[in-house]
Each structure stands twice: as C-alpha cells, then as structure tokens.
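A.B. asks: sequence isn't available, so here's the structure alone:
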Ligand code: NAD
C-alpha cells in the first residue's frame with residue numbers, strides 16, 4: 001500500500017469515544033500510511049448541530065476508505081422524535097454506505113461462529129407509524145418485509161462465507177408463523193442449489209436462541225434477517241464472555257466498510273474508564289483486513305489483543321480491574 005488511506009473515525013456517544021481512542025492509538029502505532037479524520041455522530045452530533053447524522057459527517061464517511069465507528073445512543077435524547085434520535089445515525093450510515101449488499105459477520109472466536117445478518121431491510125426499514133384506533137387506543141406498527149432479491153443477495157453471502165469455513169450454513173427464520181420468513185426460506189433453498197458443497201439447515205429463531213446457549217459450537221455460519229440477527233449477535237457475544245470483545249463489519253459489495261464494536265454506548269459506565277476497548281481495537285483489525293487488504297497488521301493487532309489478555313490484564317466486564325486506557329496500553333505493549 002503506497003497511497004495514504006483515509007480512515008473516518010466517528011466516536012459517537014457514551015463509551016464510543018473512549019474505546020475508539022484506544023483503537024486509533026493501536027492503528028497509529030502500526031505506522032501505516034493512514035490519515036485520520038474525526039466527525040461527530042449520534043447524540044454528540046445532535047448536540048453540536050441538531051442532527052444525529054450531519055451532512056459533513058456523512059460526507060466524511062463517503063470520502064473515507066473505511067470507517068471506524070464507536071457507538072451511538074444517549075438516554076438524554078430518548079424523548080426525541082425517532083428521526084432525530086442518536087441511534088438513527090447508524091441506520092442512516094448503513095443505508096447510505098452499504099446500498100448494494102451487506103454482511104455483518106460477528107466473529108465469536110472461542111465458539112468459531114459467524115453471523116451473516118442482513119442490514120438494509122426487515123422491520124427496521126418497513127413502513128412504521130402510530131395512530132389512535134377507533135376505540136381510542138394508541139397503536140404502533142412496523143412492517144416486516146423482504147423481497148426475494150434482498151434475500152437472495154444475503155443468502156449468497158451466507159453460502160460463500162460457509163464455503164470458506166466448515167461448509168455448514170444454518171438459515172434462521174420464523175417460517176412457522178411469518179410469511180416474510182416463509183419467503184426467506186424458499187429463496188434460501190433456491191440459492192442452495194448453487195452451493196452443493198455447503199450443507200444447509202433451517203432453524204426457527206426461538207430454537208436458535210436456545211441452541212446458541214446450549215451448544216454454540218455446533219454452529220458454523222448463520223444467515224438471518226436484520227431483526228433476528230440483531231438479537232442473536234448480542235446473544236452470541238455473551239457466549240464468548242463479554243460484549244466488549246466482539247468486532248463487526250458492515251460491508252458493501254466493494255468491501256467499503258463500516259467497522260464497529262457490536263456493543264452500544266453503555267451509558268451506565270460511560271466516562272468512568274471502565275469500558276473494554278478490545279471490541280473497538282479488533283474492529284480496527286477487521287478494517288485493515290477487509291477494506292485495506294492488509295492482513296499482516298490485522299493479524300498483529302489480533303495477536304496483540306490475545307497476548308495482552310494472556311498477561312492477565314482485564315477490564316471489569318471480564319472480571320478484572322484494568323481501565324480502558326490500561327487495557328489499550330497492554331495491547332500497545334504487546335504490539
Ligand atoms: P450496550 O451494548 O450499550 O450495553 C449493554 C451492557 O453491556 C451494559 O451493561 C454495558 O455497560 C455493557 N457493555 C457494553 N459495551 C461494553 C464494553 N465495551 N465494555 C464493558 N461493558 C460493556 O447496550 P444497551 O444498554 O442496550 O444500549 C445503550 C445505548 O446504546 C442505547 O441508546 C442503544 O440504542 C445504543 N446502542 C447502539 C448501538 C450502535 O451504536 N451500533 C448498538 C446497540 C445499542
């Protein structure tokens with residue numbers, strides 16, 4: 001890599017700035033030709049400019065070669081109309097930056113499982129609204145919908161991911177009660193014909209939630225919709241000990257990526273130096289690997305996190321007393 005790559009850093013709210021600061025320090029320590037630009041997002045952006053995803057932030061995200069994102073969400077803004085809430089920023093970024101196809105692999109290392117989660121459709125993006133019924137009751141609705149092209153796209157990514165791993169794909173749906181899920185299942189079965197080397201199984205999401213606790217090692221690759229993937233990926237994080245350990249990537253077809261820890265802004269521990277920065281640091285490693293095609297420094301970061309943990313240093317979520325900065329220092333020392 002000769003030309004300088006631009007990394008957009010969007011720290012966001014709560015522990016977002018604390019953990020992305022450590023990830024940035026690790027990237028800087030590698031002395032690669034990287035330039036960094038920061039911009040506010042989420043509640044921090046709303047405070048500064050009245051919108052959770054300001055035009056300048058979106059512009060930086062578009063110009064950048066890859067984006068390192070912290071987390072968004074601030075309880076102070078829970079009363080705002082939905083379009084202005086901090087959490088809308090991540091939905092907006094995913095929608096703007098990953099329009100052609102998306103994949104969200106959350107690699108739970110100890111259990112060696114990848115969740116491929118569709119990110120641009122489902123109940124989060126369908127028609128939604130509130131009204132008062134004729135009987136005077138407040139009613140809310142959110143439409144769950146997928147078309148077959150959306151399902152086919154993510155199914156291909158699921159099969160391709162499984163083919164590179166242990167060759168087992170589990171498609172998670174709720175086809176026993178949801179029409180959307182029945183379509184999902186039909187399309188996944190059609191796509192399976194193109195991947196004879198992959199063994200396809202189907203599982204209802206309630207059973208998948210149970211099996212993830214009971215026997216997570218049985219899963220290789222899971223492909224699922226946006227809502228089910230949101231919930232199951234958080235659940236999978238606890239199978240490896242802490243939500244503070246898991247990185248994720250949202251990629252488009254050209255591997256332009258938005259990288260973020262799977263956790264949120266953790267307002268309960270924000271500003272106390274207690275957040276585990278490993279998920280953010282490992283997100284930086286994924287960024288190097290997937291968007292900048294730099295597998296060696298990515299390996300170095302992942303090895304440094306493992307080495308730092310092996311010395312016994314742990315943040316409170318892992319049962320230790322180390323601060324966010326101390327954990328970052330330990331990773332830098334190992335690097
Ligand atoms: P959360 O992930 O922020 O926190 C859940 C629990 O895990 C908390 O007890 C928290 O202290 C702990 N935790 C999270 N990250 C940690 C870390 N790095 N180290 C140690 N402990 C950690 O989820 P939540 O409480 O449901 O949501 C809080 C806010 O974050 C909400 O506003 C929510 O909308 C937002 N959120 C944002 C994203 C995102 O930006 N992609 C994702 C999930 C939630």
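C.D. replies: Okay, I see it. Predicted, not measured: the structure shown is a model, and the values here were computed from it. Numbers count the residues shown, from 1 in each chain.

A.B. asks: could you check stretch 72-89 and say which residues are buried?
C.D. replies: Buried residues in stretch 72-89, counted by 16 or more other Cβ atoms under 10 Å: 72, 73, 74, 77, 85, 86, 87, 88, 89. C-beta here means a position set from N, CA and C on the backbone, and glycine is covered the same way.

A.B. asks: can I get these in a markdown table with distance to the ligand, pLDDT and secondary structure?
C.D. replies: What follows is those, written out as a markdown table (distance: Cβ to the nearest ligand atom, whole Å; pLDDT from 0 to 100; DSSP: H, G, I helix; E, B strand; the rest coil):
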| residue | distance to the ligand | pLDDT | secondary structure |
| --- | --- | --- | --- |
| 72 | 4 | 95 | coil |
| 73 | 2 | 93 | coil |
| 74 | 6 | 91 | coil |
| 77 | 8 | 90 | helix |
| 85 | 8 | 92 | coil |
| 86 | 7 | 92 | coil |
| 87 | 4 | 89 | coil |
| 88 | 10 | 89 | helix |
| 89 | 8 | 88 | helix |
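
A.B. asks: please name the nearest non-neighbouring residue to residue 138.
C.D. replies: Counting by Cβ to Cβ, 6 or more residues apart in numbering, residue 138 lies nearest to residue 132, which is 5.9 Å off, once chain neighbours are set aside.

A.B. asks: same question, residue 127
C.D. replies: residue 143 (4.3 Å).

A.B. asks: for stretch 77-93, measure first residue to last.
C.D. replies: 19 Å (Cα to Cα, to the nearest Å).

A.B. asks: quick one: contacts of that stretch?
C.D. replies: Outside of stretch 77-93, the residues within contact range by Cβ atoms under 8 Å, 6 or more residues apart in numbering are 10, 12-13, 41-46, 50-53, 57-58, 61, 67, 69, 72-74, 124-125, 258, 260, 265.

A.B. asks: which of those residues are buried, as a PyMOL select command?
C.D. replies: Buried members of the contacts of stretch 77-93, defined by 16+ other Cβ under 10 Å, are picked up in PyMOL with:
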select buried, resi 10+12+13+41+42+43+44+45+46+51+52+53+57+58+61+67+69+72+73+74+124+125+258+260+265
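
A.B. asks: for the one helix or strand in the chain whose mean pLDDT sits lowest, which positions count as buried?
C.D. replies: One helix or strand of the chain scores below all others by mean pLDDT, DSSP states H and E: helix 88-97, with a mean of 80. Across helix 88-97, burial judged by 16+ other Cβ under 10 Å covers 88, 89, 90, 91, 92, 93, 94, 95, 97.

A.B. asks: related to what we said a few turns ago, the residue nearest to residue 138: neighbour count?
C.D. replies: Per other Cβ atoms under 10 Å, the neighbour tally for residue 132 reads 9.

A.B. asks: so how far is the ligand from it?
C.D. replies: 27 Å (Cβ to the nearest ligand atom, to the nearest Å).

A.B. asks: what residues does the chain put near the ligand?
C.D. replies: Contacts of the chain with the ligand, taken as Cβ under 6 Å from any ligand atom, map to 15, 19, 71-73, 87, 90, 243-244, 260, 263-269, 275-276, 279, 317.

A.B. asks: from these, which land in strands?
C.D. replies: 71, 260 (DSSP state E).

A.B. asks: what about the residue in the stretch 101-250 of the chain positioned nearest to the ligand, how many residues nearby?
C.D. replies: Here the residue of the stretch 101-250 of the chain nearest the ligand is residue 244; by Cβ to the nearest ligand atom that distance is 3.1 Å. For residue 244, the number of neighbouring residues by other Cβ under 10 Å comes to 26.

A.B. asks: wait, what's in contact with it?
C.D. replies: Neighbours of residue 244 in contact, by Cβ under 8 Å, 6+ apart: 261, 263, 275, 276, 277, 278, 279, 315, 317, 318.

A.B. asks: can you check residue 335 too?
C.D. replies: Counting by Cβ under 8 Å, 6+ apart, residue 335 touches 26, 29, 30, 300, 301, 304.

A.B. asks: rounded mean pLDDT for stretch 26-43, please.
C.D. replies: Stretch 26-43 shows a mean pLDDT of 96.

A.B. asks: give the buried residues for it.
C.D. replies: Buried residues in stretch 26-43, counted by 16+ other Cβ under 10 Å: 26, 27, 30, 34, 38, 39, 40, 41, 42, 43.

A.B. asks: could you identify the most distant pair in these?
C.D. replies: Largest separation among these by Cβ to Cβ: 30 and 43, giving 30.6 Å.

A.B. asks: spatially speaking, which residue is in the middle of the protein?
C.D. replies: residue 248 (4.0 Å; Cα atoms, centre = their mean).

A.B. asks: given the helix or strand that contains it, what are its sheet partners and their directions?
C.D. replies: Per DSSP states H and E, residue 248 falls inside strand 247-251. For strand 247-251, the paired strands and their directions (DSSP bridges) are strand 257-261 (antiparallel).

A.B. asks: all helices of the stretch 151-300 of the chain, in order?
C.D. replies: Under the criterion DSSP state H, counting those that start in this stretch, the stretch 151-300 of the chain contains helices at 179-192, 205-214, 226-239, 278-290, 295-310.
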